Every structure is written in C-alpha cells, then in structure tokens.
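Trainee: Can you look at this prediction? I've put the sequence above it.
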Amino acid sequence: MNIISNLQNKIIEKINLTRINWIYEGEQNLCKCSKKLMPKQKFNEIKRFWKKYDRNYKGYEHIKYYAMSGEVNKLYIPDSFHYRFIDYYYNNWVKLKVLDNKCFYNIYFKNVKLPETIAMKVDNFWYLDDKVVSLTDLKKELIKEKEFVVKIACESAGGHGVKFYNELNKDFEEFEKNHRDLIIQRVIKQSPIMAKLNKSSINTVRVMTFKSEQGIKCLSTIVRFGEEGQKVDNACSGGLVIGVESDGRLKEAVYKPKVYKKIDTKNSNVNYHEIIVPKFQEILNKAIELHSKINFSRLISWDFAIDENDDIILIESNFFYGELFFHQLCNGPLFKTEDELLTVLNEVNIRKS
C-alpha cells in the first residue's frame, strides 16, 4: 500500500511541477513589455540582483511595477518567481488539497462566521442538512430561494466558477452537471461602509499572512471591489483593488490589474481615503488566528467580507496563487527590507537546490 501511495504522490508532484512551470512561463509572457520603459541603469541593477536567484529572469515584471506605480525597487518579487518557487515551496499543494474545498470550511474554520450554506455537492452527491438528496429534491429547495450563489468548491480562483442566480434556470443545470464539487450559499448583505465602494458586488478584504520561526504576521492587506454592475470583486474578472493603511484607512490609488491600469479617481463619487474598513484590526487578528490552525502552509491569502451587522465573514482561504501582484501594486514590495527578502530567497534557494 505504501508503494502505491508513494507512486501516487510522485505522479501528483510531477503534475504540480509541470503546472507551475507553465504558470511561470505564462506570467513572464503576460508581463512582456519594452525594457526601454525603465531607466537602463536601474534595470541592470535589478537584473543583477535577481539573476542570482533565477537564471531565466527577464525583468518584465519589475518594468510593469515601474510603469504602474512609478517606483523602481528591486525588492519587488517577480510574479513568475513567486509562483514557481516561493508559493510552491511554502505550501504543500498535495496535503492542502482537501482544505481548499469550500464544502469542508465548516469543519476546519469553526472560529469564524461563514456564508450561510443552502446545499453542497461533494464527489457528485448533493447534500441538504447533511443528508444525501436527489437533484430533483435540491431543485424543490432552490425554488424557495429569492437569490443564491453557486461556487465551484475547489480552485475557483479569480472569480471564475462563481454564479449568481435570482431563480432556478437551465444555466444552473448546465453548470451543475459539469462539476463534481459545488457549494450553494445565500448572498451576503454587506456593510454599508463596504458597499460605498460598489453596491452590486460583495467587496472583500484580502489579507496575506506568513508563517516563519518568528511567528505569524500579516504581510499586506488590500480591498477588492467590482465596478458598477459587476457581481464579483475579483481583479482577474475586471475588478478593482486598493491598498489599506495600517489603521484600516484606504489608500488613494485605485488599480485595475487586468488591464494594468491606474484608475483616475478625480471625478469619482467616492472619496476612497475617507473610508475605514470596519473592524480592521479584528480582521488581521482573525487571519493570524486561522493561519495558526493550518499546517503545511506558510503563505496564505484570506478573503473576508463584512456583513450588515459588521460581522466578519470568511469567504475564502487561498493556499495557492495568492495574487502577489495586487498586494505589491497597492502596498509596495511584500517584504519591506532587503534582509527580510534575502532570508526568504536564501531559504527557498536552498530548498530549490
């Protein structure tokens, strides 16, 4: 049995390595741009630094950061390097696979409020109130709901795999039959303060936490929100992102990452810098508390919503692909000093070797 188990793990490992190599190349191609956009002397300085850790470093990602933020800084971690080496080596993808399933959040995350679950589909079986039911019985239940959201339970990154319904229809049936693991939830009524950013989407606070020998700390916090009329807040789906100050106050710069664009907010009806995220410090504390219960993962991105009663709700835990770009774009380099970054790079480099 151990031989079979080890073989399975080796196959999964091979698949994961192939996958992250594909992501690595994809991120570099995605950021392809003219190297003339950055002063040559600065570009060469950054290139010398990163070539020591990645012989295939091309520099496009630093140029993108410079083009959007106006800041030249070698401490920015290239997205391709992050996903290929840092994210992969700090998180055990194989052992975290089950934790990534939203159907099991109620088991693993007991100390935080979750969206209200109507039903869930696990390994092609539908469950209502922990009882296996037929699709016909499920539909009878959903007809009673005025509005609900259906999510792919595993790896629904970037807002893909999230569907909102005002009524049961053929689209639901098509979506349902194509996925083995789904969760159906009631739609959250969000805090009036968070709704100021955009009323049509559930706007979320994303916190990235990092576990080291010194303990667990929050590296960066941003807020994600949709544009007018959008249902999802995900930047990959065309949403917007903004950084958060240490006291919970939003910063002034708003970005649309999908098109690498800084948004002009001069004529906006929203004064972003006047908005303070409700219960901000409690959100950070909750992220650290939840991370302390998770093994096999040292770098996690948490998505929280604030409901109409100002209760903190965990929407999603991201054990892979924590969208480094959004954090660094809004808040600068993930690790603020060269010593901090070198500690991470040297650790990853040893494990990489």
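Mentor: Everything's here; your move.
Trainee: residues near the closest residue to residue 295 other than its chain neighbours, how many?
Mentor: Across the structure, with CB to CB, 6 or more residues apart in numbering as the measure, the residue nearest residue 295 apart from its sequence neighbours is residue 95 (7.8 Å). C-beta: built from backbone N, CA, C; applies to glycine. Residues near residue 95, counting by other CB atoms under 10 Å, number 13.
Trainee: Residue 192 now?
Mentor: Using other CB under 10 Å, the number of residues around residue 192 comes to 12.
Trainee: Identify the residue nearest it in space, chain neighbours excluded?
Mentor: Of all residues beyond its chain neighbours, the one nearest residue 192 is residue 308 (7.3 Å), with distances taken as CB to CB, 6+ apart.
Trainee: roughly how far apart are the one you found and residue 276?
Mentor: The span separating residue 308 from residue 276 equals 17 Å under the rule CB to CB, to the nearest Å.
Trainee: Equivalent analysis for residue 30, please.
Mentor: With distances taken as CB to CB, residue 30 is found 34 Å from residue 276.
Trainee: Going along the chain, name the helices of the stretch 101-250 of the chain.
Mentor: 105-108, 135-142, 170-177, 192-195 (DSSP state H, counting those that start in this stretch).
Trainee: Just put these in a markdown table and tack on distance to residue 240.
Mentor: Listed next are the helices of the stretch 101-250 of the chain as a markdown table, based on distance: least, CB to CB, whole Å:
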| stretch | distance to residue 240 |
| --- | --- |
| helix 105-108 | 26 |
| helix 135-142 | 31 |
| helix 170-177 | 26 |
| helix 192-195 | 13 |
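Trainee: Export those as TSV, with columns for mean pLDDT and distance to residue 256.
Mentor: As requested, those are exported to TSV (pLDDT from 0 to 100; distance: least, CB to CB, whole Å):
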stretch	mean pLDDT	distance to residue 256
helix 105-108	93	30
helix 135-142	96	34
helix 170-177	92	27
helix 192-195	97	19
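Trainee: These: which one's closest to residue 346?
Mentor: Closest to residue 346 of the helices of the stretch 101-250 of the chain is helix 105-108 (CB to CB; 32.1 Å).
Trainee: And the closest one, how far out from the chain middle?
Mentor: Between the centre of helix 105-108 and the centre of its chain there are 19 Å (CA atoms, centre = their mean, to the nearest Å).
Trainee: How about the contacts made by the nearest residue to residue 318 once chain neighbours are set aside?
Mentor: Spatial nearest neighbour of residue 318, chain neighbours left out: residue 301 (4.0 Å); criterion: CB to CB, 6+ apart. Applying CB atoms under 8 Å, 6 or more residues apart in numbering, we find residue 301 in contact with 206, 207, 208, 209, 317, 318, 322, 323.
Trainee: What are the neighbouring residues in contact with residue 163?
Mentor: With contacts defined as CB under 8 Å, 6+ apart, residue 163 is in contact with 149, 150, 151, 171, 172, 175.
Trainee: any idea which of the contacts of residue 301 is least confident?
Mentor: By predicted confidence, these are weakest at residue 322, whose pLDDT stands at 81.
Trainee: Please look at that residue and residue 87 and confirm they touch.
Mentor: Yes: here residue 322 lies in contact with residue 87, judged by CB atoms under 8 Å, at a distance of 6.8 Å.
Trainee: Could you name every residue contacting both of these two?
Mentor: Among the neighbours of residue 322, those also in contact with residue 87 (CB under 8 Å, 6+ apart) are residue 299.
Trainee: Residue 35: neighbour count?
Mentor: As a measure of burial, residue 35 has 14 neighbours, counting by other CB under 10 Å.
Trainee: same question but for residue 143, I mixed them up
Mentor: By the measure other CB under 10 Å, the count of residues near residue 143 is 9.
Trainee: Look up the closest residue to it, ignoring the ones flanking it.
Mentor: Nearest in space to residue 143, with sequence neighbours left out and distances taken as CB to CB, 6+ apart, is residue 168 at 5.7 Å.
Trainee: In the chain, where is pLDDT below threshold?
Mentor: Along the chain, segments meeting pLDDT under 70 span 1, 5, 8, 156-160, 234-237, 350-353.
Trainee: Got the domain ranges for it?
Mentor: Split into domains by automatic domain parsing, the chain comes to 2-91, 116-185, 190-319.
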